[in-house]
Structures are given as structure tokens and as C-alpha cells.
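K.L.:
Generate a structure from the sequence data that follows.
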Amino acid sequence: MLERINFVLGGIILPFLLCAIGLFFIFKLKFFYILHPVRTIKHAFRSSGGFKPLCVALAGTLGVGNIVGVCSAIMMGGAGAVFWMLISAIVAMSVKYAEAFLSIKHRRGSVGNYYGGAPYYIADAAKGRGHIFGGIFALLCILNSLSTGALVQISSVSDAFGDKRLLFGAVFVFACFLVVLGGEGRIQAVSSALIPLLSLLYIGISLFIIFSNPEGVCVAISRIFKEAFSFKSVLGGGVGFGISSAIRYGFTRGLLSNEAGCGSATMAHASSSLNPHSQGCLGIFEVFWDTVVLCLLTALVVLIADTDAHSAFSLATSSFKALIGPFGEWFIVCACALFALATVCSQFYYGERSLRFLSRSRGAYFAYCLIFLFVCLISPIVTGELLWGICDLIVTALALYNLVFLVILSREVK
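P.N.:
Numbering: from 1, shown residues only. All right, here's what the predicted structure looks like:
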């Protein structure tokens, strides 16, 4: 049942809606980030006021989705899913721009203490019943922080620790507790330190593998394009199923990775001191760095190695191990663990900000903290495709709900 619901919502409706709204914003923005990529980057980084919020946003997007999510997409949708991940990223950049733009325009607070995000611009769009409509998004965002933000990240990484999964969960919860205890400032500080360093290290090792296997790269690229438009399923009577499968997993895993359209990262963008346009450009860079750079590198390494595995995480570790030896396996384990730590902390921040929209009660905040840490603690023993199915459903619901209000507020996006 869940598989069918996800197939309709995540495999048909969401890709179509994301493409339609993304193309709408691309035309509305006159293709500016496609025609003028250098100017877009200059606008994004002309001031340092948005760097820390960007790192928090990247911490929420860079994580297990970039490694395990890509492997899951390839296992379920074939190499062709990579093509659709890239297509979704290019289209989703305009959606992320709109989200970041609106998060700044509808933020609350004053200089040095800005806050806001999707619940607030949804509330402004709904006017009289704004708190109800904004509250629905906030509740979905809290669920997303507990599922995609905690369960998926920790459960995926804990695969590497075997019978010591619970010990890993306990250590992870302790580290997470130390970070979130320091509030927004410490989360930003940890994200600003971890994300650039981890990203550059991961890119360096991936590029070393790619340049060391030029023939494998050619084969991988050929497979991506060939399987993206494969009609092999016609022979089995399932007309077009190969394409729908690639599109479905490419879009959903791409969305799970860069979160464009979901609205969750708007919590981080809203705290920036930049103007709406510059922050929107940072949103474009966020999607580019996440999906076009990191996800593509992961996909190429996995396709070059062409190994078999029983799970997405083991596919990642076995691929790097096959190409650069035991160091590759431990590097992926450590990278995933640290990426996951940054992601979990930023997702806690998103959930806390969503809760703040619903209630300022310290009791509610304390309860959320306990639930979040409990979910982190049990995550190592929660595994299986059911977990991915539930997370796909929550992310899809979050995106569909947010996209409707992006269209309603589209006249404000410049």
C-alpha cells in the first residue's frame, strides 16, 4: 500500500509538479542563473552575512542522502536515476531560489536575531487562517526532522558497526547533545567547520578515483544516459516502467538530498542578514553543491566500481574499498558519520524552529528534545525499505504542501 502511494505521489505527481513549478520560476527569473552562472555566484558571496546560514542549510542537505541516497537510487532505479537527479537539480535551483527569497522577505525579528521560514511565509499567504496552514507545515517539518533528519541518517551509517550499532547510537546521541545544547550559535559553528572540510576532502578523493579510471568514467556516463531512456521493460510487458522507475528514484532521492521544494532549509536561510536576491542565489549554490557536485561524484564512483551489495550503505563502502582499498571503506564510514552529525543537528534546528512557530512553551521544547534524542538512540535498530518508504512519503507531503504556497506567492519572487 505504501509502495503504491509513494509511486503515485513521489513517482508521478511530485516530479511533474516540481518540473512544472521549477520551469515556471526559470522563465519568471529569465534563466538568469543558467545564462549567468558567474554573476549568480558573485551575488551569492558578495557578503559574508549568509555564509553561516548557508552552512547550516548545507548541513541539512549534505549527508547520508549524498552517499547512501545516491546508492539507493542506483540500486532501485538503475544508473538512469542519476540523470534524473541532475535534471531535478537544475530545475529545482529556481525553486530553492524562490524558497530562500521568500524566507528573507517574510522573516521576523531584527538584525542579528532574524528567524522565519516556510511556516511564516505560508501563514502570510493564507492571511486570516495563516497560523493553521503554517502550523500544518510546521508539524510536517517536525516529523521530517525525526524521520529523514534522524532515523535515516543514523540508521544508514550504523550499518557499518554491526553488533555495535547501539553503542554507536549512544555515542552519536551524546555528540549530537553537545552540539544542540549550545543552540543556534554552536550549530552554525560546527556546520561552518565540518561542511567545507568534509566536502573538499570527499571531492578530492572522489576526483582521484575518477581521474585514475578514465575508461570506467566513459562506461559510467554511457550507462547513465542509456538507462535513463531505457525501454527494456517493454519486452516484459511493462511499457515505460524503466523510465518511470528511473525518474521516480532519481527525483525522490535527489529531493531527499537537496531538499529543494521541501521548505525545511528556509529556517536556516531566514536567519541570514543578506537581501532576498543574494540569499536566493545562495540557495541555488546549495543545490548545485549538493546534487550536481557531490551526488554526481558519488554516482560516478559507484558506477565505476560496479560492485554488488545487499544495502545502499554497503554499496557505497564496497565501491570505495574496491577502488582505493580498505582506506576507502573507513573513509566512507567516517565521512557518513560526520555528515550525518551535521545533518542531524541542522534538522534538530529545523524542528525546533517549526515548534517555535507552534508554541513558545519551554515544556514543549523540552519534550521535543527528549523525543528527538530518543529517536536518535533507537535509529540504529530501525532498518529496511519500510523506513525509506515512510521517509519518502513525509518528504513528498512536505514538498507538495510547500510548492502550492510557492505558486501562491510567486508574484513576489523577483
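K.L.:
Lowest average confidence across helices and strands of this structure, where is it?
P.N.:
The weakest-scoring helix or strand in the chain, judged by mean pLDDT, DSSP states H and E, is helix 241-258 (a mean of 50).
K.L.:
Quick check: next helix or strand after the helix or strand Ile87 falls within?
P.N.:
Using DSSP states H and E, Ile87 sits in helix 80-105. Proceeding N to C from helix 80-105, the next assigned helix or strand is helix 118-126, under DSSP H and E.
K.L.:
Residues in contact with the helix or strand just after that following helix: which ones?
P.N.:
Using DSSP H and E, the next helix or strand after helix 118-126 towards the C-terminus is helix 130-146. Contact with helix 130-146 is made by 118-120, 122-126, 262-264, 267, 347-348, 350-351, 354-355, 357-358, 368, 371-372, 375, 394-395, 397-398, 401-402, 405, as judged by C-beta atoms under 8 Å, 6 or more residues apart in numbering. Bear in mind the C-beta positions are built from the backbone N, C-alpha and C, glycine included.
K.L.:
How much space separates His277 from Phe101?
P.N.:
Distance of His277 to Phe101, computed by C-beta to C-beta, to the nearest Å: 7 Å.
K.L.:
which residues are in contact with both of the two?
P.N.:
Residues within reach of His277 and of Phe101 at once, by C-beta under 8 Å, 6+ apart, are Lys414.
K.L.:
quick one on the thing from earlier: also compute the angle for the helix holding Ile87 relative to helix 118-126, please.
P.N.:
On the basis of axes from the mean of the first three to the mean of the last three C-alpha atoms, to 10 degrees, helix 80-105 is oriented at 70 degrees to helix 118-126.
K.L.:
Mind listing what's buried along helix 80-105?
P.N.:
80-105 (16 or more other C-beta atoms under 10 Å).
K.L.:
How far off centre is the helix or strand harbouring Glu184?
P.N.:
Per DSSP H and E, Glu184 falls inside helix 183-212. Centroid separation for helix 183-212 versus its chain: 15 Å, with C-alpha atoms, centre = their mean, to the nearest Å.
K.L.:
Next secondary structure element downstream of it?
P.N.:
Using DSSP H and E, the next helix or strand after helix 183-212 towards the C-terminus is helix 214-228.
K.L.:
Output the contacting helices and strands for that following helix.
P.N.:
On a contact count with 3 or more C-beta pairs under 8 Å, 6 or more residues apart in numbering; DSSP states H and E, helix 214-228 meets helix 80-105, helix 241-258, helix 296-305.
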